[in-house]
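**Student:** Attaching a predicted model along with its sequence, questions to come.
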Amino acid sequence: STWDLIWICQGIMRCSVYVLCIVLALSFPNKAESLGCSMCKTSVKLAHDFITSEFSLHVMKFFIMPVCRLIVNYDFCEKIYDNDLHLWIAKFFDFLNPPVLCSKMLLCLKPKIIKDLNKNYVNRVLSNTPPYQEAPIRNVSKPLRFVVFTDIHIDYNYTEGTNGNCKGLLCCRQSSGKPSNASEAAGTFGYPGNCDLPEISLNSFLDKVINEIKPDFFVWLGDNAAHDVWDQHISHHLDAAIHITQRLKEGGYGKRGSVYSVLGNHEGLPCDSFDLDGDTHTWVLNDTAKMWRDWLTPEAFEDYKKNASFTMLHPSTSLRIIGLNPFPQDSMNSYIWKNSTNPLQILDWLESTLSKAEAKGEAVLLLNHFPSNSRFLIKEFSIRLATLLERYANTIRASLYGHNHEDFMLSTFSSRTGMPVHVGFSHPSLGTFRYLNPSFRLYEMDRETYSIMDYVQYRMDIKKSNERKKAEWDPAYRFTQYYGFNRPNPEAAAQMASKFNIDPVMREKIAKNYVAEGPMWRAKMNTPYEMKMLYCKMACDHFYIFDQCMGGKYENFEDFIRFKLLIETYVPDYEYADYHQSSN
């Protein structure tokens with residue numbers, strides 16, 4: 001078209017200018033603070049503007065779409081580009097930061113690039129760490145009981161009888177077609193494959209916990225929408241959250257402290273995307289805050305509305321609940337790619353909240369969608385979160401995680417003594433994606449010391465429930481009885497990891513529950529790579545040591561997008577003064 005020709009001509013002219021600028025910049029390598037540096041910055045700025053222009057995005061789409069259509073269908077490619085890739089490509093090239101890139105190319109002397117500030121952070125935080133003393137168990141007669149559920153991924157388009165083993169990214173829908181054999185048909189209550197949870201199974205779960213288990217409160221760890229990330233819209237993005245909230249309130253859990261909920265990465269739109277500085281996603285905060293207001297104190301409500309994190313005491317106790325916003329941590333959140341410098345100051349806020357809780361003698365239950373060692377976390381955030389878990393091990397009774405859809409425990413070890421001091425729990429999903437049986441967990445906590453005494457893992461055997469035409473949520477195991485430990489504490493988590501590679505009985509028990517005894521659990525147990533990954537998840541509390549455990553080859557998404565060259569290092573705000581001083 002005429003516009004295409006105009007864009008092409010503009011592109012040729014701009015490219016000519018870029019080439020000239022780069023040649024001039026490279027011709028003056030010793031004039032870093034004058035012509036060479038200035039020309040480099042100008043060239044990078046022009047390159048950034050050109051690459052992120054509508055013309056460039058149009059050209060990229062021209063090349064990307066045919067490749068995409070070779071893999072999946074046309075409709076998917078169009079929608080994933082419009083909803084996700086268009087934004088990701090534009091944000092990706094925000095990495096072209098002129099001062100930083102030119103400094104790394106040695107054409108500018110400033111700013112001085114600080115490679116690693118983690119050591120300073122760790123030393124500062126751990127400098128006054130008190131000796132670890134595990135909170136005892138004093139009152140076993142009437143424990144505080146709470147249910148944890150996560151990663152629901154409800155699919156309102158789930159259709160019984162459709163193909164559960166289709167070639168698409170999400171099956172069990174009308175578009176999946178009919179199965180080639182009956183064993184691959186989507187059942188009444190779900191299909192343990194590339195399918196999300198049908199509404200009938202979510203309702204059966206809510207019936208079970210509200211009417212039969214009747215816990216003191218709920219912990220809800222996010223990820224409510226289906227995995228059709230290419231076809232999600234504001235109009236129905238929060239339908240699952242609205243559904244669950246209404247059912248819980250109707251079931252008698254509408255008062256303050258009845259439910260503690262955090263967002264998951266799928267609450268972003270597109271998935272993993274959340275604008276922390278602008279107003280693109282304020283509708284998510286406003287709508288969820290309005291839904292959950294009755295569950296929060298006024299102070300927690302205001303905190304949540306501002307940054308999707310909150311803290312409050314559980315009513316009539318000294319148990320403090322802290323819920324974290326996942327998006328400042330998420331390495332796939334394209335809105336923080338340009339500057340992942342402690343967005344929203346979430347680490348500062350967490351450290352301050354933990355320090356105040358310690359001074360008051362409170363106990364803390366930490367809720368976060370991502371495990372501290374998740375490959376999806378910004379790596380520096382991962383190590384700093386683990387550092388705070390170590391420093392405040394006497395205060396934090398446990399960390400509760402979602403996201404992985406996996407059942408395992410992970411220990412944080414003291415850097416001073418080498419002993420386990422903190423335990424984190426990764427919870428299996430309520431959803432079936434991928435090849436899982438739906439699961440939720442009931443915890444029992446000492447009402448005096450707030451130590452975790454035990455837990456019962458509940459599970460729906462999808463195959464049996466479909467055969468019997470009845471949703472059956474049964475206890476899969478009780479931790480103390482099944483694993484043979486006195487309680488699920490840091491020591492038990494550490495011993496489970498140490499026994500995993502030498503005790504075949506323990507290994508099989510852990511592997512079976514790791515994927516909720518889904519149809520693939522034996523195949524995974526017999527796959528060395530899968531079992532090595534499981535061991536590393538249990539033994540490593542942050543991504544750096546997880547990566548080392550995996551042989552240094554398991555890079556997270558952040559490493560991929562950074563190319564290890566272009567992006568400014570992570571520099572928290574309270575370290576800005578030192579950073580800028582080194583740049584002057």
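**Tutor:** Done, it's in.
**Student:** In this structure, which residue is most central in space?
**Tutor:** Central residue of the chain (C-alpha atoms, centre = their mean): F370, 3.5 Å from the mean position.
**Student:** Within the helices and strands, which one has that one?
**Tutor:** Remark: F370 resides in no helix or strand, with elements defined by DSSP states H and E.
**Student:** is it true that it touches S331?
**Tutor:** No - contact between F370 and S331 fails when scored by C-beta atoms under 8 Å: they sit 9.8 Å apart. From N, CA and C alone the C-beta is placed, and that goes for glycine too.
**Student:** what is in contact with the two at once?
**Tutor:** F376, L377 (C-beta atoms under 8 Å, 6 or more residues apart in numbering).
**Student:** So what's the residue count around T245?
**Tutor:** Using other C-beta atoms under 10 Å, the number of residues around T245 comes to 23.
**Student:** Please report how far it lies from S414.
**Tutor:** Look at T245 and S414: by C-beta to C-beta, to the nearest Å, they are 40 Å apart.
**Student:** and Y260, that's in a helix?
**Tutor:** No - using DSSP: H, G, I helix; E, B strand; the rest coil, the assignment for Y260 is strand, not a helix.
**Student:** What segments of the stretch 101-250 of the chain are helices?
**Tutor:** Remark: helices assigned in the stretch 101-250 of the chain by DSSP state H, counting those that start in this stretch are 118-126, 199-207, 234-237, 239-250.
**Student:** where do the strands sit along the protein?
**Tutor:** 144-149, 217-220, 259-261, 310-313, 319-323, 363-368, 396-401, 408-413, 420-426, 439-445, 452-460, 473-478 (DSSP state E).
**Student:** Quick check: which helices or strands does the third one pack against?
**Tutor:** To tie it back to what came earlier, the one meant is strand 259-261. Judged by 3 or more C-beta pairs under 8 Å, 6 or more residues apart in numbering; DSSP states H and E, strand 259-261 is in contact with strand 217-220, helix 282-292, strand 319-323.
**Student:** what about dumping the CA coordinates of the longest one to CSV?
**Tutor:** The C-alpha coordinates for helix 282-292 follow below in CSV (Å, rounded to 0.1, in the frame of the first residue of the first chain):
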residue,chain,number,x,y,z
THR,A,282,-5.6,0.6,37.9
TRP,A,283,-8.8,-1.2,37.0
VAL,A,284,-7.4,-4.4,38.4
LEU,A,285,-6.5,-2.8,41.7
ASN,A,286,-9.7,-0.9,42.0
ASP,A,287,-12.0,-3.9,41.1
THR,A,288,-10.2,-6.4,43.3
ALA,A,289,-9.9,-3.9,46.2
LYS,A,290,-13.6,-3.3,46.0
MET,A,291,-14.3,-7.0,46.0
TRP,A,292,-12.0,-7.8,48.9
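**Student:** got the angle between it and helix 239-250?
**Tutor:** 20 degrees (axes from the mean of the first three to the mean of the last three C-alpha atoms, to 10 degrees).
**Student:** Which of the strands of the chain sits closest to D277?
**Tutor:** strand 310-313 (19.8 Å; C-beta to C-beta).
**Student:** helices and strands of the chain: which one has the lowest mean pLDDT?
**Tutor:** helix 576-583 (a mean of 30; mean pLDDT, DSSP states H and E).
**Student:** re earlier: now the residue nearest to the centre of the chain: how far from A497?
**Tutor:** Taking C-beta to C-beta, one finds F370 at 20 Å from A497.
**Student:** Same check on H266?
**Tutor:** Distance of H266 to A497, computed by C-beta to C-beta: 29 Å.
**Student:** sorry, back to before: output the strands of the chain in TSV, with mean pLDDT appended to each entry.
**Tutor:** As requested, these are arranged in TSV below (pLDDT from 0 to 100):
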stretch	mean pLDDT
strand 144-149	98
strand 217-220	98
strand 259-261	98
strand 310-313	98
strand 319-323	98
strand 363-368	98
strand 396-401	98
strand 408-413	96
strand 420-426	98
strand 439-445	98
strand 452-460	98
strand 473-478	98
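**Student:** Reformat those as TSV; add distance to G36.
**Tutor:** Shown next, in TSV, are the strands of the chain (distance: least, C-beta to C-beta, whole Å):
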stretch	distance to G36
strand 144-149	57
strand 217-220	55
strand 259-261	54
strand 310-313	50
strand 319-323	49
strand 363-368	46
strand 396-401	49
strand 408-413	47
strand 420-426	49
strand 439-445	60
strand 452-460	60
strand 473-478	65
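**Student:** now these in CSV, with mean neighbour count and distance to P343?
**Tutor:** Below are those laid out as CSV (neighbours: other C-beta atoms under 10 Å; distance: least, C-beta to C-beta, whole Å):
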stretch, mean neighbour count, distance to P343
strand 144-149, 21, 26
strand 217-220, 22, 23
strand 259-261, 24, 21
strand 310-313, 23, 17
strand 319-323, 23, 16
strand 363-368, 24, 15
strand 396-401, 24, 20
strand 408-413, 25, 23
strand 420-426, 25, 22
strand 439-445, 23, 30
strand 452-460, 22, 31
strand 473-478, 16, 38
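**Student:** returning to that earlier point: and the helices and strands packed on strand 259-261: which comes nearest V456?
**Tutor:** Closest of these to V456 is strand 217-220, at 14.7 Å (criterion: C-beta to C-beta).
**Student:** Neighbouring strands - and their directions - for that closest one?
**Tutor:** Next to strand 217-220 in the sheet, as set by DSSP bridges, lie strand 144-149 (parallel), strand 259-261 (parallel).
**Student:** Quick one: those strands as CSV, columns for distance to G177 too.
**Tutor:** Below are the strands paired with strand 217-220 laid out as CSV (distance: least, C-beta to C-beta, whole Å):
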stretch, distance to G177
strand 144-149, 31
strand 259-261, 36
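**Student:** Tell me which of those sits nearest to L347.
**Tutor:** It's strand 259-261; of the strands paired with strand 217-220, that one is closest to L347 (C-beta to C-beta) at 20.6 Å.
**Student:** where does L285 sit relative to R459, distance-wise?
**Tutor:** 33 Å.
**Student:** thinking again about what came up before, nearest to C540, of the helices of the stretch 101-250 of the chain?
**Tutor:** helix 118-126 (15.4 Å).
**Student:** Which parts of the closest one count as buried, going by neighbours?
**Tutor:** Buried residues in helix 118-126, counted by 16 or more other C-beta atoms under 10 Å: N118, Y121, V122, V125.
**Student:** Tell me which residues touch the last one, please.
**Tutor:** Going back to what we said before, that points to V125. Contacts for V125 (C-beta under 8 Å, 6+ apart) come out as E351, R384, T387, L388, R391.
**Student:** same thing but at 7 Å, please
**Tutor:** T387, L388, R391 (C-beta atoms under 7 Å, 6 or more residues apart in numbering).
**Student:** Narrow these to those in helices?
**Tutor:** The helices in this structure, assigned by DSSP state H, contain T387, L388, R391 from these.
**Student:** Can you check the pLDDT for I64?
**Tutor:** pLDDT recorded at I64 is 72.
**Student:** Sorry, slip of the keys, the one I care about is G268.
**Tutor:** pLDDT recorded at G268 is 89.
**Student:** That one against F274, yeah?
**Tutor:** Yes - using C-beta atoms under 7 Å, G268 is in contact with F274, at 4.4 Å.
**Student:** State the distance from V259 to I322.
**Tutor:** Distance from V259 to I322, by C-beta to C-beta: 15 Å.
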